[in-house]
Every structure is written in C-alpha cells, then in structure tokens.
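> Here you go, sequence then predicted model.
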Amino acid sequence: MISAYSQYAWLIPLFPLLSFLILTAVGRPLKDAGAYISIVAVFASFVVSLLIFIERLSGPIEDFTWNKLQWIKFGTFSLNMGFEVTNLNALMLVIVTLVSLLVNLYSKGYMEGDERINVFYAYIALFTFSMLGLVISENLLELYIFWELVGVCSFLLVGFWYFKPEARAAAKKAFIVTRIGDVGLLIAILLLFWAMPNHALDFTSIHNALTSGKISDGMVTLIAILIFVGAIGKSGQFPLHTWLPDAMEGPTPISALIHAATMVAAGVYLVARTFDIFHASPTALTVVACIGGFTAIFAATIGTAQNDIKRILAYSTVSQLGYMMMALGIGTTVAYTAGIFHLFTHAFFKALLFLGAGSVIHSVHTQDIHEMGGLGSKMKVTAWTFGIGALALSGIPPLSGFWSKDAILSEAYTHNQLLFWVGLIAAFFTAFYMSRLFFLVFMGKPRHQEHVHESPITMTLPLVVLAVLAVVAGFVFTPFSPWLGTWLTGHAEEESANAVVMILSTLVGLLGIGLGYLVYLKKSIPSDAVSSRAPWLYRLLNRKYYIDEIYENGIVRPLKGFGLVLHLFDEYVVDGIVKLVSYSVVGIGRIGSRLQNGQVQTYGLATLLGLLILILAIAGRRFIHVG
C-alpha cells in the first residue's frame, strides 16, 4: 500500500518551528494573538499526524524513509539526514501533538496576565518541534541533535520564572543531570559508528547489522547499556531521577508536557526505537528490567510522604516510567507492546492529573495539599476529571491505566515473578498516595482562605477531553482487542487474559484506595500512625531516601572543593608565574628607560659601570684559567 500521507511527515515539526520563529521575531507586538498562532500551528501538526496514523491503521504499509539531505561527506563516507515514519513513531506523533495541543489551549487561561506569555508560547513551540523532530529522525545522530535540543527547551521552560531562585536552581539541575546521561548516549553513538559496517547510523542498517551478527555480543551489550544511560537521564530513572521532581518549579502546563509527551517520554521512546540493539543482548535487557522495576517501587514509596501536589505527581511519573522500562526489559514482543501501550495511556491520564493540579493551584495559590481541602464542591469539573485520572493511574478497571499496567504485570508474572511482585507492591503505594492526594485536596473541610472558583473553559475543556481519553484509551489493547502488538511489531503473540493478575492488581488498587479513605477521609486510622511510631521511616521517605544529600555531600561538595583547589592553583601558581614574568620584563624596561634619559653624566656612569664589569669579568676569567 502506498504511503500517501507519510511523505508529508516533515511538515509535522515544521509548523511548531514556524510558530517559534514568528513569536521570537515579533512576539511582543502580537500580545494575545501569540497564543493563537501557537495553538493553530500545533493543531496543524496534529491533523497531519492523525492522517498518517489513520493511514497506517488502514492496512499493512511499509516504513517510509526519506534521507536525501546530505549533511556530512568525507572520503567514501556520507551521512544523510531525513525522516522516517513507522507504526511506532506514527503513534508517538499523535500522542505528542495531541497533548501539546491541549497544553497550548490550557495555557491560554493558566498563563493569562503573564507579561512574557508570548515567550512562553515560543518556548513551547520549540519544545514541541524538538520532540517531533526526535520522533521522526531517520538515524541516531539526527535523533541525538533533537535529543539535546529537547534538553535545552526543558532548561528554558523549567526556569521560565527565572526571578525565582528555586526555578533557576531547578533548571540548572535538570540540564546538568540529564547531560550526565547524554554522555552515555553520545559514547554509544560513537561506538556504534565505529562498529557498524560502512559506519552507518540509520535504524534500518542497524537492524540489518544486528540480524546478520556483524557486531560482537560484547560490543552490542556495551552499546545497549550506554544508550540506556541516556534514557535513564531523560526518563528520570534511578539514579538520575533527582532532577524530575525539582522541575516542578516551572509553570504547571510545562510539567504536564514534560511528564506526558516530551522530555520523559523521549527516554522510553529511545529504548523502544533502538530495541533491536537491546533484544540482541539479554544482559542489557536484564539491566533495563531491574532498573525499571527498582525505580517503580522506589519512587512509589517516596510519593506516599510528599506534600507538594506536583511533586507527588512527579514521583508517580518516575514510578510509571519504571513500569515501562521494566516491560521493555522483559524483552518479549507482548511485553514490548505493553510498555508502549502504557506510554500511550500514561500520556493522557498524567497530562490530565498535572493540568488538574494546575487548575487547583490557579485557584488556591498553593501547592501544599495540607493547605487545600473541600475543593470538590467548588471545582466540580476539576474534581471529577482529576478523580478519573487518579483512578486510571491507580489501575482501577475499566480505566486505561488498568489495562496497560495489567499487560505489564501479566508479562512479569509469566517471565519474572520478582518483577511481578515489585510491580504489584508499587501499584499498592500508587493507589494509596493518589487517594491521599485526592481526599486531602477535594474532600473534607477547607483549609485555605482563598475564594475558590472553577477555572475558565480554556482550562477545563482540555481536562474533559483528557478525562475521556483516560477512560477509553485502554481499550485499544485489551485481552478482547489484542491488535496493537501485531500492528506495532508485525509478529506479536496474542494477548491473553490472566485472571490471577487482573484480580490481584484490582484488589491491590482497591486496598490502597481503601486505606487512603480510612486514614484521610473517615479518619479511622490516625494520619500520623507511621510518623509517630517510626519517625525515622517517615523522614526517610519525606527526604527521598536522602539521595539529594548523598549527591550533595558525596559528589557536589568534593567537586566544588576540587574546583576551588584548581582555582587557587590557577590564580596563585599559573597566574603568579605569568605575573612574575610580566613584572620582571616591566621592571627591566623601566630600568632601561631611566638609563636612557638624555643626561650625559648618567651615560658616563653607565659606561664606567659597564667597563668595570667587563674588567672584572676578564680578570676573573684569567684568575680561573691560571688557577
């Protein structure tokens, strides 16, 4: 079947790029019109993405590749740039453009009155362009260029309110920590360039080289793990997760975009896009699965003791990304599909939760859940839609999060019982902290002094759309409709219902919600039951296992100390030598200038001294010779 629309995929990132250029060039005079330019541009990208997605759903279509733009050529080697459309990135294009469209619309109400609103929309447009370019990249080096551009955009947006010290610190932290992971990805690309026949970096050549066994097993494992290091940084996996919760200092719409469709999704997409490399190395798959499983439960436990509404959601993102990585690490075609499926559903209910949190913050002007309460009666649309998102994240049937999380747990149950139980326990903590958040924010008595009102329609309409998607998106890959795996991979096994897993995951979710209800709404169990009996445990979770403190004392301060030593060496030794030479030359020059002052008696004295020195030198030489 001919790809009628895929050949126009290059237009998808072009529209946001044009929006960015227009807003950057003439943003201030446009005033409110700047928002509409960005919204229209992303809407155009969404329409093209949707046409491509529908086309690829309609029947079997070969991957479309265009790579006629020659970028580098030396000797017989040539590196071309272009774009590629596959079923995987066609799905990603729809996710990114749809969530970005809703975030753009939502921001019209959320950022109203901000004097730099057009700068904000310009940054969003550049962010969307970068992620879309990353998704359709035809080779790894092109992907890396957009990968770095995504990091730059996150720095700009997390630190958008640069007048806040916390925002500046969070932006720098996000940029630096993700750069650590990016070094791993860059080394992986260099090794792959060295190991590949003809030094090709396009995904088709990589697939063919791995299929034919032209790269040694050890090299494949090393490359795969280094690629995963890059994904760890972008997707906030342990131990490079610390930047993601701090990134909440940025505007809430950006938090939604980062957590649902761009920055953190890039890491999971990278592993999925290069899955041929991981599939060729069982060791690398094990590393991915173990890191993902550990991150899932690690972040879920931290979320139970946080009080900032956005930080709770941030740790839930870290945990859910752990599920996705765990699924990809299991390595089967069904597990691979389950990981992508969870990325798909997570985009909708996580964007919903962050935008719902933004609606709450917009009304009560605080992010502390203990300063909220009773908002459900005044903000009904926000409360109902947020509740749907919380239930989807908690894995309650028949919402989308249940189907995607159940697909992952089913594969773990079949192939790795340890990962299954880790994922199941993490699901319990997820349901508990989301019920805690919901009950403290929307139920009970108000604990704030603000005049609460529902957000404007520009903010509530995206919430309703995302709530609908959070309900229905799960039905694209259920035991009753297992077509997604075949469509993504072409040879997936049929998904079959695992009654044990479905029952256990549902019970665990309900148990977590029930416990949250007893503690924070009915108050049958004291909310300080843990903190009063085991204060050390509460502090451990509240301080996030002291990972930031460990990094500060174990890495940051020693590096600062080493930097101070280098600074002192540079200032007093290197600069000291330079200054000594400089002062010596200047001093000699001054002596010379004083001698050459035009006075005859000075010249006579200098001549006499010179003559005496010459006589002494000759006499000393003769004395030495005679002796």
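Nice, I can see it.

> Was I right to think I302 contacts Y546?
No - applying Cβ atoms under 8 Å, one finds I302 not in contact with Y546, separated by 11.1 Å. For every residue, glycine as well, the C-beta is placed using N, CA and C.

> So if I had to pick from these two, which one is more boxed in?
Higher neighbour count among I302 and Y546: I302, with 27 against 12, using other Cβ atoms under 10 Å.

> For the more buried one, pull up the helix or strand it's in.
helix 282-303 (DSSP states H and E).

> Could you do S524 as well?
S524 belongs to no helix or strand, assigned by DSSP H and E.

> could you list every residue that touches V96?
By Cβ atoms under 8 Å, 6 or more residues apart in numbering, the contact list for V96 reads 49, 128, 131-132, 135, 261-262, 265.

> cool, and H453?
H453 makes contacts with 363, 378-379, as judged by Cβ under 8 Å, 6+ apart.

> Could you rerun that using 7 Å?
When contacts are counted by Cβ atoms under 7 Å, 6 or more residues apart in numbering, H453 touches 363, 378.

> Just give me the longest strand of this protein.
strand 64-74 (DSSP state E).

> For the closest residue to S137 other than its chain neighbours, give its distance to I615.
Using Cβ to Cβ, 6 or more residues apart in numbering and skipping the chain neighbours, the partner closest in space to S137 is L143 (3.9 Å). According to Cβ to Cβ, to the nearest Å, L143 and I615 sit 80 Å apart.

> repeat for A35
A35 is 92 Å from I615, by Cβ to Cβ.

> quick one, which of those two is more surrounded?
Regarding A35 and I615, a neighbour count based on other Cβ under 10 Å identifies A35 as having more, with 24 against 10.

> residues contacting that one?
Contact partners of A35, counting by Cβ under 7 Å, 6+ apart, are 108, 117, 121.

> Let me know the secondary structure of it.
Of the three states, A35 takes helix according to DSSP: H, G, I helix; E, B strand; the rest coil.

> Am I right that M81 is in contact with I72?
No - contact between M81 and I72 fails when scored by Cβ atoms under 7 Å: they sit 9.1 Å apart.

> More neighbours: which of these two?
Each of M81 and I72 has its neighbours counted (other Cβ under 10 Å); M81 has more, 17 against 10.

> Check the gap between the more buried one and K579 for me.
50 Å.

> gap between the helix or strand hosting the residue nearest to S137 and the chain center?
Using DSSP H and E, L143 sits within helix 140-158. Relative to the chain's own centre, helix 140-158 is displaced by 10 Å; criterion: Cα atoms, centre = their mean, to the nearest Å.

> can you tell me how far the nearest residue to F228 once chain neighbours are set aside sits from A272?
Leaving aside its chain neighbours, F228 sits nearest to V288 (5.7 Å; criterion: Cβ to Cβ, 6+ apart). With the distance defined as Cβ to Cβ, V288 ends up 11 Å from A272.

> what sits in contact with each of the two?
L328.

> more crowded one of these two?
Set V288 next to A272 and count neighbours by other Cβ under 10 Å: V288 wins out with 28 against 22.

> Report pLDDT for the more buried one.
You'll see V288 listed with a pLDDT of 97.

> show me what contacts it?
228, 271, 278, 325, 328-329.

> hmm, try it at 6 Å
By Cβ atoms under 6 Å, 6 or more residues apart in numbering, V288 lies in contact with 228, 325, 328-329.

> what does A473 give?
345, 348, 400 are the contacts of A473 under Cβ under 6 Å, 6+ apart.

> Dump the residues you listed to JSON lines, plus pLDDT and secondary structure.
Converted to JSON lines, the contacts of A473 look like this (pLDDT from 0 to 100; DSSP: H, G, I helix; E, B strand; the rest coil):
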{"residue": "T345", "pLDDT": "95", "secondary structure": "helix"}
{"residue": "F348", "pLDDT": "95", "secondary structure": "helix"}
{"residue": "S400", "pLDDT": "93", "secondary structure": "helix"}
